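*Asks:* this one's sequence-less:
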Ligand SMILES: NC(=O)C1=CN([C@@H]2O[C@H](COP(=O)(O)OP(=O)(O)OC[C@H]3O[C@@H](n4cnc5c(N)ncnc54)[C@H](OP(=O)(O)O)[C@@H]3O)[C@@H](O)[C@H]2O)C=CC1
Ligand SMILES: CC(=O)[C@@H](O)[C@H](O)COP(=O)(O)O
Ligand SMILES: [Mn+2]
């Protein structure tokens, strides 16, 4: 593999920092062309100096703040000649995405990642996609913008499916099986979920991730989004995408083929391998992570989803089948509800209940839709509508 330039969007988050860890251990393979952060100026400045990054993009903050922070770290590192281009503001991530780097890793959280995803595809970069929301809400808009194999999934389940698909031909695939941890509340009834706290919801059994995705794992909205993501990435109809609860998350997902054989991808529940593969696809880097340890006795469990206690996947299948702007509405209403839950303004069950009500409202109000899902403005229009509707539903 010749050296690849990489732009990292969301460099200060869980995905972004782990991506820089992988790159730091493979400096002969990668250079960092751009970094994009939200508001963590101190961390992005430190990263920029460490990786000698020519473009630093920050959503919130002033160019002076960014320059001062970079100057301080550069002086400490004795790298005083370092003077990168700095962009700030709402469009900063789009600028970083559109530089034409070999690979753009989109590790931003939320629907705000849509325009950067489109900018990366338009620039011809390989898109290593952690920001599942942009594909899910953009749907065919994003798929049309992508050339074959231009999107490499970083989400662990979808990386596992992409790896497992190497074991057979597309026409031989019978089903995709997406694994789910079940979240911190696995096994509870709906009644037992009523009073759970944000702190409890953030105690993911296996992964240290950002606040939104961790909460989505607790409600199973993450698995709902992942079913739609699998449908869009691999072009498999929803009725041939299963979800199985597997609390240990050692199997990251599976593909069942028409002869009855199932190929699964295994590894400890960590993101280093999916991130590294996103950067190096289709090649594998050396020693990215520890493999499974077969020297010790262990048991792995599997169970069906409890759709009554956790209706988010069933609802996601409904919006996924409906297509158009429905997935954008599901996602945006959820983003509003997750924030409100963490602000202590609503209960845990209100999250998915309110998303369902907003989806119902979208169905009755917009069946002939004034939102054109084939344009970015239409998708973001539906996103904005759903945010307003969710706020009303929740009395915010
Ligand atoms: N973490 C994980 O293991 C996994 C994550 N994913 C997906 O990856 C994405 C990122 O998740 P995760 O890393 O956990 O989230 P984090 O909350 O840890 O990080 C989010 C990142 O997005 C940045 N950001 C926020 N707003 C903007 C903006 N307007 N422009 C540029 N950057 C912005 C944040 O910057 P700042 O902090 O500076 O404000 C931060 O760097 C999500 O879509 C998630 O679903 C998928 C699978 C696994
Ligand atoms: C690491 C990753 O890809 C996350 O999406 C993680 O899989 C969350 O798992 P659950 O949503 O199954 O808890
Ligand atoms: Mn995942």
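*Replies:* Received the coordinates, thanks. Since the model is a prediction, treat every value here as computed from it, not as a measurement. Ligands and ions are numbered 1, 2, ... in the order given.
*Asks:* Might you list the low-confidence residue ranges for this protein?
*Replies:* Across the chain, the ranges flagged by pLDDT under 70 are 367-368.
*Asks:* Confirm that residue 31 sits in a strand.
*Replies:* Yes: according to DSSP: H, G, I helix; E, B strand; the rest coil, residue 31 belongs to a strand.
*Asks:* distance between the ends of stretch 264-274?
*Replies:* Stretch 264-274 has an end-to-end distance of 14 Å (criterion: C-alpha to C-alpha, to the nearest Å).
*Asks:* could you check whether it is close to ligand 1?
*Replies:* Yes: Stretch 264-274 lies within reach of ligand 1 by C-beta under 6 Å from any ligand atom, at residue 271. Glycine gets a C-beta too; all of them are placed from N, C-alpha and C.
*Asks:* for stretch 3-11, same thing?
*Replies:* Yes: applying C-beta under 6 Å from any ligand atom, one finds that stretch 3-11 is in contact with ligand 1 at 9-11.
*Asks:* what does stretch 286-294 give?
*Replies:* No: using C-beta under 6 Å from any ligand atom, stretch 286-294 stays clear of ligand 1, coming no nearer than 13.1 Å.
*Asks:* centre of the chain versus that stretch, how much separation?
*Replies:* Taking the mean of its C-alpha atoms, stretch 286-294 sits 23 Å from the chain's own mean (C-alpha atoms, centre = their mean, to the nearest Å).
*Asks:* Would you mind checking the residues of stretch 3-11 next to ligand 1 for buried ones?
*Replies:* Among the residues of stretch 3-11 next to ligand 1, those scoring as buried are 9-11 (criterion: 16 or more other C-beta atoms under 10 Å).
*Asks:* Distance to residue 61 added to the residues you listed, as CSV?
*Replies:* Converted to CSV, these look like this (distance: C-beta to C-beta, whole Å):
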residue, distance to residue 61
9, 16
10, 15
11, 14
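*Asks:* Where helices are concerned, which of those residues count?
*Replies:* Secondary structure assignment by DSSP state H places none of those in helices.
*Asks:* between those residues, which is nearest ligand 1?
*Replies:* residue 10 (3.3 Å; C-beta to the nearest ligand atom).
*Asks:* now that closest one: how far from ligand 2?
*Replies:* Here the criterion is C-beta to the nearest ligand atom, to the nearest Å. By it, residue 10 lies 15 Å from ligand 2.
*Asks:* again, but for residue 251
*Replies:* 11 Å.
*Asks:* Provide a list of residues in contact with that residue.
*Replies:* 160, 179, 264-266, 300 (C-beta atoms under 8 Å, 6 or more residues apart in numbering).
*Asks:* Now the buried members of these.
*Replies:* By 16+ other C-beta under 10 Å, the contacts of residue 251 give 160, 179, 264-265 as buried.
*Asks:* Near ligand 2, which residues of the protein are found?
*Replies:* Looking at ligand 2, the residues of the chain close enough under C-beta under 6 Å from any ligand atom are 155-157, 180-181, 183, 207, 217, 222-223, 271.
*Asks:* Just put the residues you listed in TSV and tack on neighbour count.
*Replies:* Below are these laid out as TSV (neighbours: other C-beta atoms under 10 Å):
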residue	neighbour count
155	28
156	23
157	28
180	24
181	21
183	25
207	15
217	24
222	27
223	24
271	23
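*Asks:* Return the subset of those residues lying in strands.
*Replies:* residue 180 (DSSP state E).
*Asks:* among the residues of the chain next to ligand 2, which are within reach of ligand 3?
*Replies:* Among the residues of the chain next to ligand 2, the ones lying near ligand 3 by C-beta under 5 Å from the ion are 155-157.
*Asks:* How about the residues of the stretch 101-250 of the chain by ligand 1?
*Replies:* 107-109, 112, 130-133, 155-156, 207, 209-211, 213.
*Asks:* meant to ask about the stretch 251-396 of the chain, not that
*Replies:* Selection of the stretch 251-396 of the chain residues close to ligand 1 by C-beta under 6 Å from any ligand atom yields residue 271.
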